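Novice: predicted model follows, preceded by the sequence.
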Amino acid sequence: MKNFEIGQYFEDFEVGGVIRHSTSKTIFESDNNLFSLLTMNHHPLHTNIDYASKEQHGKVLVVGTLVFSLVVGITVPDISGKAIANLGYEDVKHLAPVFINDTIYAKTKILDKYESKSKRDRGIVYVETIAYNQRDEDVMSFRRKVLIKKR
């Protein structure tokens, strides 16, 4: 029996390459409600249909940090499955609203990679991920540096 493998080694990443992640997620009302409760984000724009119906978009918005968390998760099998650590996230942008029942997809571009200066068994991969919905509208982007094992 073959062992379960997740992620790629440092050597597998090619600068300029784009990975279209095969995992996706439809965000249900229950996802948004639970996340709002767990994170204590009780803003009525995320939890109150009546309130949200009178605001700019006319319906409940999904919590932005839920979208961020899901997109990071979507990338794990391809980007950080062999990570030692996520070193930092930067330039997180909410590009468009996300609503209940939107399906989120993601793609990641490899911006740079370089070997660790202190340990020879690892390297740093710098990536930019863009999340988009079922209408192919970009809804979020962010960059991060991931410390990844070498072979």
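Specialist: It's in. Numbers count the residues shown, from 1 in each chain.
Novice: ok, Ala52 touching Asn32?
Specialist: No: with contact defined as Cβ atoms under 8 Å, Ala52 does not count as touching Asn32 (11.1 Å). (C-beta placed from N, C-alpha, C; glycine too.)
Novice: now the common contact residues for these two.
Specialist: Residues touching both Ala52 and Asn32 (Cβ atoms under 8 Å, 6 or more residues apart in numbering) are 46, 60.
Novice: the strands in this protein, which residues?
Specialist: Ranges of strands in the chain, per DSSP state E, are 18-20, 25-26, 83-94, 103-115, 122-132, 138-149.
Novice: now for those strands, which one comes closest to Leu37?
Specialist: Checking these against Leu37 by Cβ to Cβ gives strand 25-26 as the closest, at 18.7 Å.
Novice: partner strands of that closest one, with direction?
Specialist: Under the criterion DSSP bridges, strand 25-26 sits next to strand 103-115 (antiparallel) in its sheet.
Novice: quick one, what contacts His57?
Specialist: 97, 99.
Novice: quick check, pLDDT for it.
Specialist: Per-residue pLDDT puts His57 at 96.
Novice: could I get the strands of the chain as JSON lines with mean pLDDT and distance to Lys2?
Specialist: Formatted as JSON lines, those follow (pLDDT from 0 to 100; distance: least, Cβ to Cβ, whole Å):
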{"stretch": "strand 18-20", "mean pLDDT": "97", "distance to Lys2": "22"}
{"stretch": "strand 25-26", "mean pLDDT": "98", "distance to Lys2": "27"}
{"stretch": "strand 83-94", "mean pLDDT": "96", "distance to Lys2": "22"}
{"stretch": "strand 103-115", "mean pLDDT": "98", "distance to Lys2": "26"}
{"stretch": "strand 122-132", "mean pLDDT": "98", "distance to Lys2": "25"}
{"stretch": "strand 138-149", "mean pLDDT": "98", "distance to Lys2": "19"}
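Novice: could I get these as CSV with distance to Val62?
Specialist: Shown next, in CSV, are these (distance: least, Cβ to Cβ, whole Å):
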stretch, distance to Val62
strand 18-20, 22
strand 25-26, 11
strand 83-94, 11
strand 103-115, 9
strand 122-132, 12
strand 138-149, 9
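Novice: next, format these as CSV and append distance to Asp12 and mean neighbour count.
Specialist: As requested, the strands of the chain are exported to CSV (distance: least, Cβ to Cβ, whole Å; neighbours: other Cβ atoms under 10 Å):
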stretch, distance to Asp12, mean neighbour count
strand 18-20, 10, 13
strand 25-26, 25, 14
strand 83-94, 13, 13
strand 103-115, 10, 17
strand 122-132, 10, 21
strand 138-149, 9, 19
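Novice: thank you kindly, that will do.
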